[in-house]
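S.K.: Give me the fold of what follows.
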Amino acid sequence: MRPDSRLLPALAAGGVALALVALVVASCARPPAPSPSPGATTASPGASPSASPNEEELDTIEGIDGRVPVALPSRIELYAGAVSVTPGQPLTLHVSTTARQYAYTIERLDATRPSGRQVVVRSGAREGHDYRSLETFDTLERTARANWPATDTLDTTGWTPGVYIVTATDADGTTGRAIVVVRTPVLVPGKPAFVFTALTYQAYNLWGGANLYSYAAPRAVRVSFERPYAFGDGLGFWTRDDDRILRWLQLRGLDPQYTTDYDLAVNPPAVAPRLLIWPRPAEYVTASLRDWVERHVDVIGDMNVLNFGANGFYWQVRLADPETPGAPEDIVCYKSATADPYATVDPALATTRWRQPPLNRPEGAVLGAQYVDVVGNGFTRYDYTVGAAMPSELRAGTGWQPGTVIRGLLLGEGDLVYPGSGGLAIMAGRAVTPKGAPLATSVTIRTSPAGARIFDAGTFAWADGFAPATTDLGVTAASFEQFNRNLLAWLGFPVRP
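M.R.: Numbering: from 1, shown residues only. Predicted coordinates for the structure are as follows:
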C-alpha cells in the first residue's frame, strides 16, 4: 500500500490548504506550459529559487465545480489500461464512443520501414458504447478519472518492444488515438534505452478538467492515468518532439531498449543501460527514479545520459494507489512542502521543487545544468553560440568554430550550467525572460566523478534541428547531423553514416 492511499485523509482534514491556485498560461499549444520561474540564472548549489512570480501569487480562476468546465466530446476517445506492458502481457483498451460501432489499428513506430510504422493489429467492427457518464471528479484532490471499462483485451505475445499508436475510428467518422509502450522486459547494460516520460505527460493532461497546472482553474494535487490524453489527438506531447527524436535514432541504426519513467520509478532496474535517452523533459520524477539515476551516474558511473529537453528533474512526485485495482498508480504533487500533508511524516518525500527545502537536491547537481526561466514569451526562438569549451571531438567534421551561431533552437524553457556540478557550457544561449530581462542559458555536458557522461540540450526545440526542411539553423543540416553523431559517439554509441 502506497503511503498516499487517499493522501492521508486524517492529516488532510487537519487544515491542509488545498485551494492551490492555477498556473495560468495563455495557451497550452506549445510544449509544455511554463514552470514557475526560479529567478536568478546563477544560483549557487543548494540555493532555492526566488519567486518572480510563482503559483502562490497568481489569482484563482474557478470554473464549474471548481474546475475547468469540460464537456466530454461526442466522439471516440480511448486510453490504454497500462502505461506499458512487456511482450506477452495482456493490453487492455478503454474505448468510449457515441457511435454504434468502431474499429482500431495498432502500429509500432519503426522509421526503418517505408511507411514509418508496422501494423500489428487490425480489429474488426466492435460494438460502441458511450461511457462518458462514468467520469468522476474528486473535488478535494481535483482528480479526474474516466472509469471506462476494458472494452478490448489484446494478446501482445510476439510484439517487439517499442512505441505503439492505437488509432480508433467509429461509425460516425470520428477518430481517437492512444499511445502505449511495449517495454523491454529486462534492461541490459550494453545498450541504450529510450524513455517515454509518462509522468510528465500525465502531469500536463487536462482531460476531465484539471491537471497539475489546470490552466484556468485551481490545479490538481493528484492525477490519474485512468483517462485519455486531452491534447495531441490523444497522443499528448508525442508529435511535438519525441516522435522526431525516436525517428532520428532509429534511422541512424540505434536499436534502443524501451521503457518509461513510470516503470523506472515503480521498479528501478537491477542494472542500468549504458545510455539513458530522455526525449521529452523528465520534469516530474519520484525519489526512487532520481536515486537510481544518481547512483548509476555519480556512484557507479556505468550509465550515460542524453537529455534532449530542458527543465528536467524539477518537481518531486509520489505515486499513490489508484482507484481501480490493477490500474497505473496515481501521481501526487502538491508543489509545496508546506501544503503537502505527507511532508511532516517523511520530509524526504515532500512534493516540491527538488532544489528547495526540505529536499535541497538541485537538479543541476546530476544533470550539470538546470532550469532558469521561460524563454521570451515561450514561442519566440533564440540562438545558440558555440563556445570555446566545446571539445574538439564534438566539433569534428562540423566546420563549427567558437563563435559559430546555431539559429532558432532555443525555445520554450532554458537551462543553464550549474556551478559546482562539473557541468561545462559548450554553447551559450542569449535570450530574455517573459519580463524582458536578459536571460543566459546553455547547452551543457558533464562528466561525473565516476566517469559517466551527461548531455543536456537545455531547450524544448532541439528536435527541430532534425527537420532541416522546416528549420533554418544558420548552419548546414549536415553539420548539425554530424554534431549529433559526434554526441552519440561521445556517449558511447557511434552510429552508421
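
S.K.: The longest helix along the chain: which residues count as buried?
M.R.: With residue count as the measure and DSSP state H as the assignment, the chain has helix 477-490 as its longest helix. Neighbour-count burial for helix 477-490, with 16 or more other C-beta atoms under 10 Å as criterion, is recorded at Ser479, Phe480, Glu481, Gln482, Phe483, Asn484, Arg485, Asn486, Leu487, Leu488, Trp490. Backbone N, C-alpha and C define where each C-beta goes, glycine included.

S.K.: OK, contacts around the fourth one?
M.R.: Read it as Gln482. By C-beta atoms under 8 Å, 6 or more residues apart in numbering, the residues touching Gln482 are Ala396, Gly397, Thr398.

S.K.: Setting aside sequence-adjacent positions, which residue approaches the first one most closely?
M.R.: Among residues not flanking Ala396 along the chain, Asn486 sits closest, at 5.9 Å (C-beta to C-beta, 6 or more residues apart in numbering).

S.K.: what residues are up against the one you found?
M.R.: Applying C-beta under 8 Å, 6+ apart, the residues near Asn486 are Glu393, Leu394, Arg395, Ala396, Gly397, Thr398.

S.K.: show me where this structure has helices.
M.R.: Defined through DSSP H, the helices belonging to the chain, from first to last, are 9-12, 198-203, 242-251, 261-266, 287-294, 364-367, 392-395, 477-490.

S.K.: Any idea which of those helices gets closest to Pro185?
M.R.: Comparison of the helices of the chain against Pro185 by C-beta to C-beta identifies helix 261-266 as nearest, at 10.7 Å.

S.K.: which strands and helices sit next to that closest one?
M.R.: With contacts defined as 3 or more C-beta pairs under 8 Å, 6 or more residues apart in numbering; DSSP states H and E, the secondary structure elements packing on helix 261-266 are strand 192-196, helix 198-203, strand 284-286, helix 287-294.

S.K.: Okay, buried residues for it please.
M.R.: Along helix 261-266, the positions that meet the burial threshold by neighbour count (16+ other C-beta under 10 Å) are Asp261, Tyr262, Asp263, Leu264, Ala265.

S.K.: what do you get for stretch 267-285?
M.R.: The neighbour-count criterion (16+ other C-beta under 10 Å) identifies 268-269, 272-285 as the buried residues of stretch 267-285.

S.K.: Low-confidence bits of the stretch 51-200 of the chain, can you list those?
M.R.: For the stretch 51-200 of the chain, the stretches with pLDDT under 70 are 51-71.

S.K.: nope, the stretch 351-497 of the chain is what I was after
M.R.: Scanning the stretch 351-497 of the chain for pLDDT under 70 picks out no residues.

S.K.: hang on, the earlier thing: got a markdown table for the buried residues of helix 261-266, with pLDDT and distance to Asp415 too?
M.R.: Conversion of the buried residues of helix 261-266 to a markdown table gives the following (pLDDT from 0 to 100; distance: C-beta to C-beta, whole Å):
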| residue | pLDDT | distance to Asp415 |
| --- | --- | --- |
| Asp261 | 98 | 18 |
| Tyr262 | 98 | 23 |
| Asp263 | 98 | 25 |
| Leu264 | 98 | 21 |
| Ala265 | 98 | 22 |
